[in-house]
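Participant: Build me a structure from this.
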Amino acid sequence: GATALAGASGGAWTRRLGLGFVLTYLSVLVLLPIAAIASKAFENGLASFFDEVSSPQAVAALRTTVLISLAVMAINAVVGTMIAWVLVRDNFPGKSFVEAIIDLPFALPTIVASLTLLALYGPQSPVGIDVAYTQFAIALALLFVTLPFTVRSVQPVLMELEKETEEAAASLGAGAFYRFRRVVLPPLLGPILAGAGLGFARSVGEFGSLILISGNIPFKTEVSSVYIFTKIEGDNLPGAAAISVVLLAIALGVLGLISILSYWRSRHVG
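Facilitator: As a prediction, this is how the structure comes out:
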């Protein structure tokens with residue numbers, strides 16, 4: 001009894017120590033920097049904050065950022081799922097190479113990605129396609145850097161799905177689309193939403209891959225991250241912090257909504 005009590009006490013102490021370490025680590029890396037940026041954003045008062053975030057150029061940059069990021073999120077949800085499906089269900093020559101390509105955006109410096117896209121789709125494009133300094137170029141760059149999120153979120157779930165359930169549905173006369181919609185898609189919705197949401201959060205804050213190919217034209221191709229950079233260059237740190245807080249709120253809001261939808265879906269399906 002004494003041994004069991006000592007073991008339970010030691011386990012509780014270990015859990016508390018682990019929790020304390022996690023909270024301290026997250027506080028230093030995440031919570032304190034967020035608190036610092038929020039404090040800087042409201043340094044000159046609430047009126048100054050609203051003046052910064054409601055200026056025409058700031059609103060235009062935010063609109064461009066959010067709308068293109070939402071479009072990229074939708075594309076990633078569909079195309080990322082298709083790529084994951086092919087990688088899991090099909091065997092083909094060069095599959096390992098494709099798997100490595102999927103993770104390339106994680107390893108490649110984003111400024112290199114911007115230079116690569118500019119060289120391929122810029123004024124001196126070797127393929128004759130010049131989309132540089134357009135909103136399409138912004139979407140292209142964001143699709144590149146967010147490619148892995150949905151693929152890597154959906155792929156493990158697809159690998160765990162039992163084909164016997166699909167085969168049973170097929171034996172009962174269910175067509176391919178019906179099997180996908182009723183058998184395959186429900187367990188994939190959560191991972192699809194999670195991957196797409198992470199891609200959106202990455203998109204709204206992306207900077208490196210956009211700095212060259214977007215052109216940074218105010219009211220046209222200027223995104224919020226670049227607008228923040230111009231504020232910093234102009235020694236307006238409270239203004240940069242104000243836009244940063246808005247971007248943070250948007251990203252957290254979308255991620256929170258997706259978490260709620262995923263939770264509701266899991267309860268509904270269950």
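Participant: Can you give me the pLDDT of the residue most central in space within the chain?
Facilitator: Centroid-nearest residue in the chain: residue 199, 1.9 Å away (criterion: CA atoms, centre = their mean). pLDDT recorded at residue 199 is 92.
Participant: Could I get the contacting residues of residue 251?
Facilitator: 200-201, 204-205 (CB atoms under 8 Å, 6 or more residues apart in numbering). Heads up, the C-betas are built off the backbone N, CA and C, glycines and all.
Participant: So which of these are in helices?
Facilitator: Within the contacts of residue 251, residues falling in helices by DSSP state H are 200-201, 204.
Participant: Is it possible to get JSON lines of those that adds distance to residue 134?
Facilitator: As requested, these are exported to JSON lines (distance: CB to CB, whole Å):
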{"residue": "200", "distance to residue 134": "21"}
{"residue": "201", "distance to residue 134": "24"}
{"residue": "204", "distance to residue 134": "19"}
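Participant: quick one: which of the residues you listed has the most company?
Facilitator: residue 200 (26 neighbours; other CB atoms under 10 Å).
Participant: Look up phi and psi at residue 143.
Facilitator: Main-chain torsions, residue 143, degrees, to the nearest 10: phi -60, psi -40.
Participant: so it touches residue 75, yeah?
Facilitator: Yes: using CB atoms under 8 Å, residue 143 is in contact with residue 75, at 6.4 Å.
Participant: between these two, who's got more neighbours?
Facilitator: Neighbour totals were compared for residue 143 and residue 75, and residue 143 leads with 20 against 17 (other CB under 10 Å).
Participant: ok, that one - contacts?
Facilitator: 72, 75-76.
Participant: returning to what we had before: check contacts around the residue nearest to the centre of the chain.
Facilitator: Taking CB under 8 Å, 6+ apart, we find residue 199 in contact with 72-73, 76, 80, 146, 149-150.
Participant: ChimeraX command for the buried members of those residues?
Facilitator: Only the buried entries of these go into this ChimeraX selection, using 16 or more other CB atoms under 10 Å:
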select :72,73,76,80,146,149,150
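Participant: In helices, which of the contacts of residue 199 appear?
Facilitator: Going by DSSP H, the helices hold 72-73, 146, 149-150 from those.
Participant: ok, the residues you listed vs residue 31, which is closest?
Facilitator: Nearest to residue 31 among the ones in helices among the contacts of residue 199: residue 149, at 23.8 Å, using CB to CB.
Participant: Please report the distance of the closest one from residue 256.
Facilitator: 17 Å (CB to CB, to the nearest Å).
Participant: next one: residue 92
Facilitator: Where residue 256 is concerned, residue 92 sits at a distance of 39 Å (CB to CB).
Participant: Just the strands from the stretch 101-250 of the chain, written as ranges.
Facilitator: Remark: no strands are assigned in the stretch 101-250 of the chain by DSSP state E, counting those that start in this stretch.
Participant: related to what we said a few turns ago, need the ones in helices among the contacts of residue 199 in JSON lines (columns: pLDDT and distance to residue 65).
Facilitator: Putting the ones in helices among the contacts of residue 199 into JSON lines (pLDDT from 0 to 100; distance: CB to CB, whole Å) gives the following:
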{"residue": "72", "pLDDT": "95", "distance to residue 65": "11"}
{"residue": "73", "pLDDT": "93", "distance to residue 65": "12"}
{"residue": "146", "pLDDT": "94", "distance to residue 65": "13"}
{"residue": "149", "pLDDT": "93", "distance to residue 65": "17"}
{"residue": "150", "pLDDT": "92", "distance to residue 65": "20"}
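Participant: Tabulate those residues in CSV, adding columns for distance to residue 112.
Facilitator: Output for the ones in helices among the contacts of residue 199, formatted as CSV (distance: CB to CB, whole Å):
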residue, distance to residue 112
72, 20
73, 24
146, 16
149, 19
150, 23
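Participant: what's the closest of those residues to residue 16?
Facilitator: Once CB to CB is applied, the member of the ones in helices among the contacts of residue 199 that ends up nearest residue 16 is residue 149, at 34.0 Å.
Participant: The closest one contacts residue 79, doesn't it?
Facilitator: No: using CB under 8 Å, residue 149 makes no contact with residue 79, being 11.6 Å away.
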